[in-house]
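# Got a sequence here, can you build the structure:
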Amino acid sequence: MDDKESIQSAARPETRLQKSMRGALRWALVALLAFGLGALLIAFALYVPARQKLDKANTTMTANTAQITTLQTANATLQTNLDSATLHMYVLKALAGVRGASLAVAAGDYAGARLSLTQASEALDSLSGLLGADQKDVFTAMQQSAAKALTEVQSDLKSAQPELDQLTSNLVQLEKNLFTTP
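Residues are numbered from 1 along each chain as shown. This is a model prediction of the structure:
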């Protein structure tokens, strides 16, 4: 007889309590295994697809953020161009009014000269809010020159011509300074 046989014959027979404990332990292991498999099934059935959707949403959000940044940059550029075009429009409108007044003075048309100077003054008033602080002094001088020309038109039509010529020269110089063409 070898050692294994001697150990088995020396061991006592299993009791009913031990058999039921072994059965309960087996059922507990089966339940634990089923629970683990259920957890894995839930992870693969629910978590993985949700994670993929989240990754896709993050990618979409990143792309949309980049697109928004691009659009904001384009919008800022367009706004700058619009502001520049508006400023240029008012400079040209003032210049057209002054030149119209010069033509009316040359033709002896008091009403036309007054109307053109009024339009030029309105354009200059609109320009006052658009020009920078460094140009305010020159601009104030132009407004005063327009007011003086309007006063001279009322008293003596021909006496306003030198003031109109100076105002035309100042507006042309302002246009050249603001809108240099290459």
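
# So which residues of the chain form helices?
3-10, 16-42, 48-107, 110-128, 136-155, 161-178 (DSSP state H).

# In CSV, list these along with mean neighbour count.
For the C-beta atoms, the positions are set from N, CA and C on the backbone; glycine is no exception. Shown next, in CSV, are those (neighbours: other CB atoms under 10 Å):
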stretch, mean neighbour count
helix 3-10, 8
helix 16-42, 10
helix 48-107, 13
helix 110-128, 19
helix 136-155, 16
helix 161-178, 17
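
# how about the ones you listed in a markdown table, adding mean pLDDT?
A markdown table is the format used below for the helices of the chain (pLDDT from 0 to 100):
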| stretch | mean pLDDT |
| --- | --- |
| helix 3-10 | 54 |
| helix 16-42 | 87 |
| helix 48-107 | 92 |
| helix 110-128 | 89 |
| helix 136-155 | 82 |
| helix 161-178 | 88 |
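
# Find the residue at the geometric middle of this protein.
Gln72 (3.0 Å; CA atoms, centre = their mean).

# I'd like the distance between it and Leu78.
Note on Gln72: its distance to Leu78, by CB to CB, to the nearest Å, is 11 Å.

# Then Ala66?
In terms of CB to CB, Ala66 sits 19 Å off from Leu78.

# Which residues are in contact with Ser20?
Residues near Ser20 by CB atoms under 8 Å, 6 or more residues apart in numbering: none.

# ok, Thr112 touching Ser102?
For residue 112 the amino acid is Gly, not Thr. No. Applying CB atoms under 8 Å, one finds Gly112 not in contact with Ser102, separated by 10.5 Å.

# Contacts only, for Gly108.
Gly108 sits in contact with Leu157, where contact means CB under 8 Å, 6+ apart.

# measure it to Phe139 for me?
For Gly108 relative to Phe139 (CB to CB), the value is 30 Å.
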